[in-house]
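**Student:** Below are the sequence and a predicted model for it; my questions follow.
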Amino acid sequence: MKHHIGLLVLLASGLTGCQELKPMASDNKHYHAPRPGFATLFNGRDLNGWWGATTEDPRIYLALPPEEFQKTHDASLADINQHWSVQGGELVNDGKGLFLTTEKNYGDFELLVDYKTVPLADSGIYLRGCPQVQIWDYTKAGGKWNLGADKGSGGLWNNSPGAPGKDPLVLADKPFGQWNHVRVVMAGARVWVWLNGKQTVDGAILENYFNRKLPVPAKGPIQLQTHGGEIRWRNLFIREIGSDEADKLLRGTDPKGFKSVFNGKDFTGWAGPLDCCRVTNSAIVWQLKKGGTIYTKEEFTNFVARLEFKLPPGGNNGLAIRYPGAGDTAYVGMCESQVLDDNYERATGSKIDPRQAHGSAYGMVAAQCGYQHPIGEWNYEEVTVNGPTIKVEMNGTVILDADLSKVTEFAGNKKHPGKDRTSGHFGFAGHNDPVMFRNISIKPLN
């Protein structure tokens, strides 16, 4: 699946790829004012806003109580001050010590960084605390061609062998002694990277180095990794990306093979209890205190569905997958892919089984939580159904990847006789809440 950034991020930030940074009024000729919309990560004077961590699972320190985290933070500063310094507006590391780590944690963002390194050095940029956008000696003399250094910097080197993004698309490093410019865009777990104006990663998923069965955290710090030789950094700027921009970026332009199954005006091509819903502002809006399953008249076997949804507090709905046209799709269809407020328990006071959380194959396989946009904002979701498998990617992060043919235990010990269905309708299973859906398209798979 190929994702294209096109001009979306550039237009949203009012930038062009060739726009130059302009020096600000300062005694330091190397320090530049941030571009419009960007915040400064390094002020050109000191290490304010940074602490030290190494290659460690960010979920551990992100889960610490504030008092314990502060102790960890403060204990790292002696090492940071020993190995990091500011020289002429540049961050300088001697090739040793802890990695410089932002005190602030980021979700979706655009990051701009300049770096200059030396032969034999090895480094990288950790995204949300996870390794990494690789930086290293790309020459044969560097001794790491067997590890892929001949392909250059700018790849997601810690991804699995053969995985998208692991190897950079082009060799874009500048010779030693020259500054390199890196641009990184991250939406969900998907990453785009440009090195010196050349794209090296195109929308690849950053794998969780610490536990590849889990996605990367929804938020985490930026880290500047370094070991093996001096590296210098300057002009570090970041722009946080909102949900609307992230959704457009992730969706891009529906490639060949996708077709809209909802015209945004009425329910042409749909069946079921359609009085449960209305069409408002090009969206299907479920009516309060009405339930039932509406579905496409067309049936699908293997397919990819793309859609956007918006939830009210405690909102509950579901995607009907291979629905036969009658009955409860959670049991008689292949599954109901749950659509539920991640804070459902807090909003309603009702306890749920983990296999009922958003993105789950209802009652069969639990999805990962914590990747929804805030209530009231649109979320982008992509669901791939192929044979007995279902994969749910929400807001750029894969939250479910399951083979339902292997499921033998069910919530409440209630059987799912439809889980092995090989075809059926696609639809929505309403549960009395005003959940909204729009931009619904499906691509059949051979």
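**Tutor:** Perfect, I can see it now.
**Student:** Please make it C-alpha for all contacts and neighbour counts, starting now.
**Tutor:** OK.
**Student:** Tell me, how many residues neighbour E230?
**Tutor:** 20 (other Cα atoms under 10 Å).
**Student:** F69 belongs to a strand?
**Tutor:** No - using DSSP: H, G, I helix; E, B strand; the rest coil, the assignment for F69 is helix, not a strand.
**Student:** Make residue 1 into 15 and carry on from there
**Tutor:** In the new numbering, first residue 15, that becomes F83.
**Student:** Look up phi and psi at the nearest residue to it once chain neighbours are set aside.
**Tutor:** Residue nearest to F83 in three dimensions, not counting chain neighbours: Y75, with 6.6 Å by Cα to Cα, 6 or more residues apart in numbering. Per-residue torsions, Y75: phi -80, psi -20 (degrees, to the nearest 10).
**Student:** how about the residue most central in space within the chain, what does it touch?
**Tutor:** Closest residue to the average C-alpha location of the chain: G202 at 1.2 Å, with Cα atoms, centre = their mean. Applying Cα atoms under 8 Å, 6 or more residues apart in numbering, we find G202 in contact with 121-122, 232, 385, 408-411.
**Student:** what's the pLDDT at the nearest residue to it once chain neighbours are set aside?
**Tutor:** Leaving out its chain neighbours, the residue that sits closest to G202 by Cα to Cα, 6+ apart is G410, at 4.1 Å. If you check G410, the pLDDT there is 97.
**Student:** Wait, G410 touches R204, no?
**Tutor:** Yes - between G410 and R204 there is a contact under Cα atoms under 8 Å: 5.7 Å.
**Student:** more crowded one of the two?
**Tutor:** Taking neighbours as other Cα under 10 Å, G410 and R204 compare with G410 leading, 27 against 23.
**Student:** buried ones in stretch 243-261?
**Tutor:** By 16 or more other Cα atoms under 10 Å, the buried positions in stretch 243-261 come out as 243-255, 257, 260-261.
**Student:** Check whether N409 really touches Y385, as I assumed.
**Tutor:** Yes - if you go by Cα under 8 Å, N409 and Y385 touch, sitting 7.1 Å apart.
**Student:** quick one: which of the two has more around it?
**Tutor:** It is N409, of N409 and Y385, that has more neighbours when counted by other Cα under 10 Å, with 27 against 22.
**Student:** on that earlier part again, how far away is the residue nearest to F83 from K270?
**Tutor:** Computed with Cα to Cα, to the nearest Å, the distance linking Y75 and K270 is 43 Å.
**Student:** The two - which one has more neighbours?
**Tutor:** Neighbours per residue, other Cα under 10 Å: of Y75 and K270, the larger number sits with Y75, 16 against 7.
**Student:** The more buried one and L220: what is the separation?
**Tutor:** Look at Y75 and L220: by Cα to Cα, they are 20 Å apart.
**Student:** just C383 next, same as before
**Tutor:** Taken as Cα to Cα, the span from C383 to L220 is 18 Å.
**Student:** Just want to know which of the two has more residues nearby.
**Tutor:** Set C383 next to L220 and count neighbours by other Cα under 10 Å: L220 wins out with 30 against 17.
**Student:** Find the nearest non-adjacent residue to the more buried one, please.
**Tutor:** Nearest non-adjacent residue to L220, counting by Cα to Cα, 6+ apart: A203, 5.5 Å away.
**Student:** pretty sure the one you found contacts L228?
**Tutor:** No - A203 is beyond contact range of L228, at 10.9 Å (criterion: Cα under 8 Å).
**Student:** Of the two, give the one with the bigger neighbour count.
**Tutor:** Neighbours per residue (other Cα under 10 Å) separate A203 from L228, with A203 holding more: 25 against 15.
**Student:** what's that one sitting at in phi/psi?
**Tutor:** Per degrees, to the nearest 10, the backbone of A203 is at phi -90, psi 0.
**Student:** tell me the pLDDT at it?
**Tutor:** pLDDT, A203: 98.
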